[in-house]
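# Here is the input, now give the coordinates:
(2 chains)
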Amino acid sequence: MAAAPSPSSVKPVPLLKDELDIVIPTIRNLDFLEMWRPFFEQYHLIIVQDGDPSKTIKVPEGFDYELYNRNDINRILGPKASCISFKDSACRCFGYMVSKKNMLQVAKDPSGKDINALEQHIKNLLSPSTPHFFNTLYDPYREGTDFVRGYPFSLREGVPTAVSHGLWLNIPDYDAPTQLVKPHERNTRYVDAVLTIPKGTLFPMCGMNLAFDRELIGPAMYFGLMGDGQPIGRYDDMWAGWCMKVICDHLGLGVKTGLPYIWHSKASNPFVNLKKEYKGIFWQEDIIPFFQSATLPKECTSVQKCYIELSKQVKEKLGAIDPYFVKLADAMVTWIEAWDELNSPSDTNSSKKANGAPLPAAAK
Amino acid sequence: MAQVTINENEVDIVIGALHSDLKSFLNEWKPIFSRFHLIIVKDPDLKEELQIPGGFSADVYTKSDIERVVGSSAVLFSGYSCRYFGFLVSRKKYVVCVDDDCVPAKDTAGNMVDPVAQHIVNLKTPATPFFFNTLYDPFRKGADFVRGYPFSLRTGVDCALSCGLWLNLADLDAPTQALKPKERNTRYVDAVLTVPVRSMLPVSGINIAFNREAIGPALVPALKLAGEGKFRWETVEDIWSGMCVKVICDHLALGVKSGLPYVWRTERGNAIESLKKEWEGVKLMEEVVPFFQSVRFSQSATTAEACVLEMAKTVKEKLGKVDPMFSRAAEAMEEWVKLWKSVGSS
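Residues are numbered from 1 along each chain as shown, chains lettered A, B, ... in the order given. Modelled structure (predicted):
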C-alpha cells in the first residue's frame, strides 16, 4: 500500500507552483478538495462545470481558481463550443485549452488518500522517457535504479516526457462488462514502478489521474465528443490517449505509466456504464487497428499539424463505420482552431473571464 | 482466472556452474529445487571438481560429457554459455535457469520467493504483446484488463520467455556499477508485464525461464566477446540471445514477460576491473540496435529453428562487415541449429 504522511500532517513543498494548473471537470460539489487541500491549495485550479450552468458549484474556501460553466464555454468559443462535450467528463479538455500554464494535472473526484500524486507526476514529467528500448528495471531515472546491462548507451539520454499516466487503488478502472462480472474486485496491489510505454505500443489512457506537458502535447489532449447527444460515452480519455500516443511516437516524445496511485472510491453504476460504453466496445475493434497502423508524414512537425492530419485519416477510414466519426473528425479540427485562437502568441490577457470566480484573487 | 498447476515432470532447472563449490548455493535453494530435476553443467574451463550436496535429483555434465555429445562444437559452451548445453539436452517442456551466485529472495511481506513457481505461472498464462495493459499482467489474481482494452485481444498469446529480476546486486553493466559502487536494488516491484511486440529489451541470463518446446532453439550461445570473462559484466551472450528470442517471438506471435520473480544476487567481482573487458560489449550493442529494429522474417519461417537460420544469414550479411565477431556469431547460430536437430530433439 502507499506509504506517505496523512493529509493533515504534511505541508508539501509546492513544486512548479507557477507552472502547473490543476484541471477539474465536475458536475457535483467539490467537497473532495478538502482531502487534497494540503497538496492543491498552493496551485491554481481550473474548474470546468459540466451540466446545468444555473447550478452553483461550491468551491471550498481558500482555493485559487477559475470556474467555467457551459455558458462561459459558449461565450468564449462561440460556434466552436460544439467540440466540447456536454454531460461527460470530456468537457475537461476545455480546461486544458484555457490554461496558461505548462503542465496540468487532472483530478477526477478521488477521495484523496495520503499520496502526493502531484509530486510524483512532476517527477515523471521532468525526467526523460525511454520509448526506444525497454528497461527491465523500469524508469532508470528514479532513485535507486538505473539502466541495466545491455541497454545501449546511445539511448540513455531518453526523450522528453509528455504524459504521466497514474493508476488507482481500490476501485479499478474496469469496463462495464468486467465490472458486472467482478463487482467486488478491488485493486490492492501497489506496484512501485514508473515505466515508459514503448514506441509503437498503444494503451488505454485513463483520464482519472493524468498529468501532461501542455507545451509539448496540449493540442492532442482533446477528449472527443461524448455524453449527451452523442452515441458513445466513457471513451473520451481513450480517444485522447490513442491520438496522443500516435503523435508522441511520431514526434519522439515519451509517455510514462505507473506511479502515482490515487485512491478511487466512487464506483460508477455498471449498467449505466454499459449503455454508454456499448458502442465503444464494438467500435474499438476497428478503431484500434486504425491507430495501430496510422502513420504521419514527416511534414507534420507540430502537434497541431499531426492532429489535423489524424482528423483527415479518421474521417477517411473510420467515417465508414458510423457518421459519428465524421462529426468527430470535424470536431477535432474545430478543437485545433479553438486551441490556436485561444493560445495565439498575441493573446496575453484573454477576454475569457470566468463566471462567478473571484478573478484570480483567492488566497495563495 | 484458472489456477495454474506446477507439474514437476514438465520442468528442468538448468544451472551453469561457474563455481565448483555448489554446496551453499544448492542448500539455499533446497526447499524450492528439491522436487525438480536439475541439470548442472560445469563450465568446461573450470578445473576443480564440482561439489554437489545430496538430496537432489540431478544430472551433471562436465567438459568430457559435453565433448562426447557435441564433439568440436564444445567450444560454444564455455563460461556462462555452458548453460545452453543444459538447454540442449533437456527434454522437458519448461526450463528454468538461474546463475550460481543467486539465492532465494524475500518479498515485501518477508516470505521466500519461489521463482520456479512464478516463472511457470508466467509461462502458463497468456501474454498480451499487442496492447499494453496499464494494470500489468491481467491474468494475475486481483487484476484484469482495464477499460479500453480491446476485447479481441484479451485471449492473448502463449508466453514463451519469462525474464525475472534481481534484488541486491542488480544486473547493471560495469560502467554503471563502477559509478555507483554502493547501489543495491532494494525495490520489490510487484508486477509481471508483457513486453510489447516490436519493443526490444536486454534479456539478462541471470534469472530466466522459457518454453523449450516453443522457443528452445532461439536461445543461441552465439555472441562471444574476445575478452569474455567469468563475471556477468564481461559477457553479452545473454543480451544477444535475448534480442534474437524477442524478434523471433514477435514473428511467431509468442509473448515475452518481464518482472517477477526476483532472486537475490550475491556480491562478487569488481566492476572497475571488469570495465576494461566490458567496453567491447558496450560498443557492439550500439551496432546491433538498428539491426534488430529492422529484422524481418519470411512467411515460411514458422519455427524457431527456421527463424534462427534466417537470422544467421542476415547477421552475416549485414553485421559481418561491421565486426568479425558477428560473422562468428552467425556461424555459431547455424551450428547451434544443427546441434539442436541432432541432439536437441528426441
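# my guess is residue A:22 meets residue A:48, correct?
No. Using C-beta atoms under 8 Å, residue A:22 is not in contact with residue A:48; the gap is 11.4 Å. Backbone N, C-alpha and C define where each C-beta goes, glycine included.
# can you tell me which residues contact the closest residue to chain B within the stretch 201-350 of chain A?
Using C-beta to the nearest C-beta, residue A:204 is the residue of the stretch 201-350 of chain A that sits closest to chain B, at 2.9 Å. Listed by C-beta atoms under 8 Å, 6 or more residues apart in numbering or on different chains, the contact partners of residue A:204 are A:238, A:241, B:131, B:133, B:134, B:146, B:147, B:148, B:149.
# Tell me the pLDDT of the second one.
I take that to be residue A:241. Per-residue confidence (pLDDT) for residue A:241: 97.
# and what of the one 4 residues further on?
Residue A:245 is assigned a pLDDT of 98 by the prediction.
# lowest average confidence, helix or strand, in chain B?
Here the helix or strand of chain B ranked lowest by mean pLDDT, DSSP states H and E is helix B:271-294, holding a mean of 80.
# Could you list everything residue B:127 pairs with in the sheet?
Residue B:127 has these beta-bridge partners by DSSP bridges: residue B:157.
# Which residues are in contact with it?
Contact partners of residue B:127, counting by C-beta under 8 Å, 6+ apart, are B:156, B:157, B:158, B:159, B:194, B:254, B:255, B:256, B:257.
# Contact partners for the fifth one?
Going back to what we said before, that points to residue B:194. Neighbouring residues of residue B:194 by C-beta under 8 Å, 6+ apart: B:127, B:128, B:129, B:133, B:137, B:156, B:159, B:255, B:256, B:257.
# pretty sure the fifth one contacts residue B:191?
Same thing as residue B:137. Yes. Between residue B:137 and residue B:191 there is a contact at 7.1 Å, judged by C-beta under 8 Å.
# What helix or strand is residue A:338 located in?
helix A:323-342 (DSSP states H and E).
# Helices of chain B, residue ranges please.
With helices called from DSSP state H, chain B shows them at B:23-33, B:63-70, B:82-89, B:115-124, B:174-179, B:212-215, B:237-252, B:271-294, B:304-314, B:324-339.
# what does the stretch 251-364 of chain A give?
All helices of the stretch 251-364 of chain A, identified by DSSP state H, counting those that start in this stretch, fall at A:270-293, A:303-313, A:323-342.
# Give me the mean pLDDT for the shortest one.
In this case it means helix A:303-313. On average, the pLDDT along helix A:303-313 is 97.
# how about residue A:81, secondary structure?
Classification of residue A:81 using DSSP: H, G, I helix; E, B strand; the rest coil returns helix.
# List the residues that contact it.
Taking C-beta under 8 Å, 6+ apart, we find residue A:81 in contact with A:73, A:74.
# what do you get for residue B:205?
Here residue B:205 is in contact with B:80, B:83, B:97, B:99, B:232, B:237, B:238, B:241, B:242 (criterion: C-beta under 8 Å, 6+ apart).
# let's go with 10 Å and repeat that
Listed by C-beta atoms under 10 Å, 6 or more residues apart in numbering or on different chains, the contact set of residue B:205 reads B:16, B:80-81, B:83-84, B:97-99, B:163, B:171, B:219, B:232, B:235, B:237-239, B:241-242.
# how near is it to residue B:41?
Residue B:205 is 13 Å from residue B:41, where distance means C-beta to C-beta, to the nearest Å.
# now the strands for the stretch 151-300 of chain A?
Secondary structure of the stretch 151-300 of chain A by DSSP state E, counting those that start in this stretch: the strands cover A:161-170, A:194-196, A:209-213, A:254-264.
# Just say which of these is most tucked in.
Stretch with highest mean neighbour count among the strands of the stretch 151-300 of chain A: strand A:194-196 (a mean of 27; mean count of other C-beta atoms under 10 Å in any protein chain shown).
# quick one on the thing from earlier: farthest pair within the contacts of residue B:127?
B:156 and B:256 (12.3 Å; C-beta to C-beta).
# which residues do those two both contact?
B:127, B:129, B:194.
# Check what pLDDT the second one gets.
Per-residue confidence for residue B:129 comes out at a pLDDT of 98.
# OK, contacts around it?
A:201, B:153, B:156-157, B:159, B:194-199, B:246, B:249-250, B:253-257.
# run the last query once more with 7 Å
Residue B:129 makes contacts with B:157, B:194, B:196, B:197, B:255, as judged by C-beta atoms under 7 Å, 6 or more residues apart in numbering or on different chains.
# Find the nearest non-adjacent residue to the third one, please.
Read it as residue B:196. Excluding the flanking residues, the one nearest residue B:196 by C-beta to C-beta, 6 or more residues apart in numbering or on different chains is residue A:201, at 4.0 Å.
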